[in-house]
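A.B. asks: below is the structure, and that's it, no one-letter string:
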């Protein structure tokens, strides 16, 4: 990570002294600086414990976000898996990120606590066997959110996922709705699972593009991010999926200084989920 731009380096895209683009997104304020007594109280400002207890997880664990200019939204979701490198550089990242964690990983709870304490949102990365039953899904999801109790949404995994079995995907959608969580699906064809979930009142949206899953170079990643920003300007919002890798971190930091980045507001994924079904772009 030696070649990465320093997070404290106040240099603009043109190289002149100044702040990192404020238009890229509202600066994430670490939870430890909010005076709210811990990540479990990372709800909306001014809410007491009793009110927070009545909130859904999607509300309770959402990071406060403002978009006064009404810009199109882009959420960056990064998978924090066993290959994650450079996560330490993200603790003071200059704009919102959302982290996806596999709840079956031995250090899943520790990762959740670290990201929540740094002021980021967490979602649960869920892959289920295609032959799994609805009961299997219920048991797996219950166990997953017992571990990742502050995860505000289900993110369909990039392996077996959840879409190969209608009964299975229906159960996952039902679980998200009944527990007050969102659902993020991998872009697949007509994305029927997401559309049916929306019909049933679940806050659901698709991943617009996995921008580093095929080992893309930072240059290609930035081109994908440019395309996503353009699409967000047309549709109102997109969700991009990546991984915690040095090349990805570098690409995000450099892209954040480009003109295209200033046309969108980088947002936590909850900001898009809460308006799901209205202005969120479908995968291309």
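C.D. replies: On my side now, so go ahead. The shown structure was predicted, so the numbers you read here are calculated from the model rather than taken from an experiment. Numbering: from 1, shown residues only.
A.B. asks: doesn't residue 106 lie inside a helix?
C.D. replies: No. If the criterion is DSSP: H, G, I helix; E, B strand; the rest coil, then residue 106 is coil and not within a helix.
A.B. asks: quick check: the gap between it and residue 198.
C.D. replies: 35 Å (CB to CB, to the nearest Å). C-betas here are computed from N, CA, C, even on glycine.
A.B. asks: those two: who's more crowded?
C.D. replies: Between residue 106 and residue 198, counted using other CB atoms under 10 Å, the more crowded position is residue 198 (18 against 8).
A.B. asks: residue 64 versus the more buried one, what's the distance?
C.D. replies: Applying CB to CB to residue 198 and residue 64 gives a distance of 25 Å.
A.B. asks: kindly report the same for residue 183.
C.D. replies: From residue 183 to residue 64 the distance is 22 Å (CB to CB).
A.B. asks: try residue 122
C.D. replies: 15 Å.
A.B. asks: between the two, which one's more packed in?
C.D. replies: residue 122 (27 against 17).
A.B. asks: endpoints of stretch 159-175, how far apart?
C.D. replies: 20 Å (CA to CA, to the nearest Å).
A.B. asks: same check, this time on stretch 254-266
C.D. replies: Terminal-residue distance, stretch 254-266 (CA to CA): 14 Å.
A.B. asks: and that stretch, what's its mean pLDDT?
C.D. replies: Regarding stretch 254-266, the rounded mean pLDDT is 89.
A.B. asks: residues of it that come out buried?
C.D. replies: By neighbour count with 16 or more other CB atoms under 10 Å, stretch 254-266 contains the buried residues 254-258, 260-266.
A.B. asks: I'd like the residues you listed as a markdown table, with secondary structure and distance to residue 161 appended.
C.D. replies: Listed next are these as a markdown table, based on DSSP: H, G, I helix; E, B strand; the rest coil; distance: CB to CB, whole Å:
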| residue | secondary structure | distance to residue 161 |
| --- | --- | --- |
| 254 | helix | 31 |
| 255 | helix | 27 |
| 256 | coil | 30 |
| 257 | coil | 34 |
| 258 | coil | 32 |
| 260 | helix | 30 |
| 261 | helix | 30 |
| 262 | helix | 34 |
| 263 | helix | 31 |
| 264 | coil | 27 |
| 265 | strand | 29 |
| 266 | strand | 26 |
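A.B. asks: which two in these are spaced the farthest apart?
C.D. replies: The span of those, defined through CB to CB, is set by 254 and 265 at 18.5 Å.
A.B. asks: buried residues in the longest helix along the chain?
C.D. replies: The longest helix of the chain (DSSP state H) is helix 218-235. By 16+ other CB under 10 Å, the buried positions in helix 218-235 come out as 218, 221-229, 231-233.
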